[in-house]
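J.: How does the following fold in three dimensions:
(2 chains)
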2 protein chains.
Amino acid sequence: MSADDATRPPRARTRGPYKRSAETRASILAAATDVFTELGYRAGSMREIARRCGVDQSTVLHHFPDKSALLLELMTDRDRQADAVLAAQHADAPEQIPQAALALARHNAGTPGIIELYTLLAAESVTPDHPLGEFFRARIARVRGAFEDWFARMADAGLLRDGVDPDFAAASFLALWEGAQLHWLIDPDGVDVVALLEDHLRLLLHEDVLPST
Amino acid sequence: MSADDATRPPRARTRGPYKRSAETRASILAAATDVFTELGYRAGSMREIARRCGVDQSTVLHHFPDKSALLLELMTDRDRQADAVLAAQHADAPEQIPQAALALARHNAGTPGIIELYTLLAAESVTPDHPLGEFFRARIARVRGAFEDWFARMADAGLLRDGVDPDFAAASFLALWEGAQLHWLIDPDGVDVVALLEDHLRLLLHEDVLPST
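T.: Residues are numbered from 1 along each chain as shown, chains lettered A, B, ... in the order given. Okay, here's the model as predicted:
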């Protein structure tokens, strides 16, 4: 598996090698999630990721030149999945935003591994020279901006309770979400992230926007 | 500085060595905060802590037998300081609880180093075999219990808005606090933890409990 795909004979390259390369890439990403979740960015190694995939380290480096490239792919893939969940919930309509957000929280509850990695990397990213420092600064600003847009549109549609500032609602919803996920990772039985977010939305929105379930 | 205090001549031991030992201990704790904040638990080393204090590693080991002992002391010292801030604010009276909590949030804003270390260790503590895994599980449960007691007493005193469940208020206040701190560490200019907590308290409490500032 350590041979570069480009060195294979032409006949085998019509479909098989591409598929195999995609499978190898996927198995590297899965192993990287495990390794970085267990050890964090600094202690996790490309060598250990290769070992768990059963491939040479050169194969890992062929797909991802270094640890930062791997981590960045894992984090952007997580965001792509989140966008897909929101799109499927038609989060562009103000009335659908609360349920779309809760659907994403439910999706996260089903993927604890990547949430654990995200939470660890976010905390690590504050440390000096962390390769994802700039990524997380930009990401937090971007997500807060998206949430501000959400709550501004819900305000325009008359869904927010009187006196609730849309920007406060956005920042508090985001902070509550990620704090609750941290506490859920630490104490899975003690924290229900979806229920906390739902109750928080009930405080922010008019009573009839989010019917009791 | 590497000589054990017990080997010093008796005359110098009446007060000097004890004081010097306490100073060494304090400088070890300060260096440990820096090292673990920069590198995390796994990559931070006792050797590096000793180097920054300008003492032998044996001196560090004399005060703290291993990294977990050091981390545990840093975290329990943080909790002792928090308890002192709350006690000074008379947080035992229900009416004083909101201002006491905000005073603690302001105190935290003035100690970003230890908040960064706390946040990193909390996220790391979820990883396998982390020495503070049990500490953080117990701590989250304990703090949530203390917050539940706070909000239950405020509910008894008639301070909570109608329909606000004290246990939800406690869990959401704690999650919002720690999530906001994470976002503040990532983007110090973009997040005001104290303002977020204050606005959240305004949602949870009757209007006249927390006057506008």
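J.: contacts and neighbour counts: CA atoms only from here.
T.: Fine.
J.: Give me the nearest residue to the residue nearest the centre of chain A, chain neighbours excluded.
T.: For chain A, residue A:78 is the residue whose C-alpha lies nearest the centre (Cα atoms, centre = their mean; 3.5 Å). In space, and not counting its chain neighbours, residue A:78 is closest to residue A:114: 7.5 Å by Cα to Cα, 6 or more residues apart in numbering or on different chains.
J.: hang on, isn't that neighbour packed against residue A:33?
T.: Yes: between residue A:114 and residue A:33 there is a contact under Cα atoms under 8 Å: 6.8 Å.
J.: Who has more neighbours out of those two?
T.: The neighbour comparison of residue A:114 against residue A:33 (other Cα atoms under 10 Å in any protein chain shown) goes to residue A:33, with 22 against 19.
J.: mind listing what the more buried one touches?
T.: Residue A:33 makes contact with A:74, A:113-114, A:117 under the criterion Cα atoms under 8 Å, 6 or more residues apart in numbering or on different chains.
J.: now these as JSON lines including secondary structure, distance to residue A:137 and pLDDT?
T.: Output for the contacts of residue A:33, formatted as JSON lines (DSSP: H, G, I helix; E, B strand; the rest coil; distance: Cα to Cα, whole Å; pLDDT from 0 to 100):
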{"residue": "A:74", "secondary structure": "helix", "distance to residue A:137": "17", "pLDDT": "92"}
{"residue": "A:113", "secondary structure": "helix", "distance to residue A:137": "22", "pLDDT": "87"}
{"residue": "A:114", "secondary structure": "helix", "distance to residue A:137": "19", "pLDDT": "89"}
{"residue": "A:117", "secondary structure": "helix", "distance to residue A:137": "17", "pLDDT": "91"}
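J.: tell me which of those is nearest to chain B?
T.: The shortest approach to chain B among those belongs to residue A:117, at 9.1 Å (Cα to the nearest Cα).
J.: can you pull out the helices in chain A?
T.: A:16-43, A:46-53, A:57-63, A:67-88, A:97-109, A:112-124, A:133-156, A:166-186, A:193-204 (DSSP state H).
J.: May I see those helices organised as CSV, with distance to residue B:62 added?
T.: What follows is the helices of chain A, written out as CSV (distance: least, Cα to Cα, whole Å):
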stretch, distance to residue B:62
helix A:16-43, 27
helix A:46-53, 35
helix A:57-63, 41
helix A:67-88, 37
helix A:97-109, 44
helix A:112-124, 29
helix A:133-156, 36
helix A:166-186, 32
helix A:193-204, 43
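J.: Any idea which of the ones you listed has the lowest pLDDT on average?
T.: The minimum mean pLDDT among the helices of chain A belongs to helix A:16-43 (a mean of 87).
J.: That helix: which residues count as buried?
T.: Of the residues in helix A:16-43, those buried under the neighbour-count criterion (16 or more other Cα atoms under 10 Å in any protein chain shown) are A:17, A:21, A:24-25, A:27-41.
J.: Return the distance of that helix from the chain's centre.
T.: Relative to the centre of its chain, helix A:16-43 is centred 16 Å away, using Cα atoms, centre = their mean, to the nearest Å.
J.: How about stretch A:111-128?
T.: Distance, centroid of stretch A:111-128 to centroid of chain: 10 Å (Cα atoms, centre = their mean).
J.: got the domain boundaries for chain A?
T.: Residue ranges for the domains of chain A, per automatic domain parsing: A:1-65, A:66-213.
J.: Let me know which of the ones you listed is tucked in deepest.
T.: Each of the domains of chain A was scored by mean neighbour count; the highest is domain A:66-213, a mean of 18, by mean count of other Cα atoms under 10 Å in any protein chain shown.
J.: Surely residue A:182 touches residue B:123?
T.: Yes: if you go by Cα under 8 Å, residue A:182 and residue B:123 touch, sitting 6.8 Å apart.
J.: Overlap of the contact sets of the two?
T.: With Cα under 8 Å, 6+ apart as the test, residue A:182 and residue B:123 both reach A:116, A:119.
J.: Quick check: which of the domains of chain A is nearest to residue B:139?
T.: Closest of the domains of chain A to residue B:139 is domain A:66-213, at 9.9 Å (criterion: Cα to Cα).
J.: how about residue A:190, what does it touch?
T.: Contact analysis of residue A:190 by Cα under 8 Å, 6+ apart lists A:184, B:141.
J.: Please tell me the pLDDT value assigned to residue A:3.
T.: As predicted, residue A:3 sits at a pLDDT of 45.
J.: how close does the nearest residue to residue A:70 once chain neighbours are set aside get to chain B?
T.: Setting aside the residues directly before and after it, residue A:70 is nearest to residue A:64 in space (Cα to Cα, 6+ apart), at 5.8 Å. Taking Cα to the nearest Cα, to the nearest Å as the measure, residue A:64 falls 23 Å from chain B.
J.: Can you report phi and psi for residue A:159?
T.: Here is the backbone geometry of residue A:159 (degrees, to the nearest 10): phi -90, psi -20.
J.: contacting residues around it?
T.: Shown in contact with residue A:159 (Cα under 8 Å, 6+ apart): A:95, A:205-206, A:209.
J.: Restricted to strands, list those.
T.: When DSSP state E is applied, the contacts of residue A:159 are split such that none fall in strands.
J.: so can I have JSON lines of those showing pLDDT and distance to residue A:145?
T.: Formatted as JSON lines, the contacts of residue A:159 follow (pLDDT from 0 to 100; distance: Cα to Cα, whole Å):
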{"residue": "A:95", "pLDDT": "93", "distance to residue A:145": "19"}
{"residue": "A:205", "pLDDT": "96", "distance to residue A:145": "19"}
{"residue": "A:206", "pLDDT": "93", "distance to residue A:145": "22"}
{"residue": "A:209", "pLDDT": "88", "distance to residue A:145": "22"}
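J.: now, which of these sits nearest chain B?
T.: residue A:205 (11.3 Å).
J.: Can you tell me who the closest one pairs with across the strands?
T.: Using DSSP bridges, the bridge partners assigned to residue A:205 are residue A:160.
J.: okay but it is in contact with residue A:163, surely?
T.: No: taking contacts as Cα under 8 Å, residue A:205 lies outside contact range of residue A:163: 10.6 Å.
J.: Distance from the chain centre to stretch A:187-200, please.
T.: 18 Å.
J.: Ok, stretch A:176-193 next?
T.: Averaging C-alpha positions (Cα atoms, centre = their mean) puts stretch A:176-193 15 Å from its chain's average.
J.: Check stretch A:172-183 too.
T.: 14 Å.
J.: residues making contact with it?
T.: Under the criterion Cα under 8 Å, 6+ apart, residues A:115-116, A:119, A:144, A:147, A:191-193, A:196-197, A:200-201, B:122-123, B:140, B:172-180, B:183, B:196, B:200 lie in contact with stretch A:172-183.
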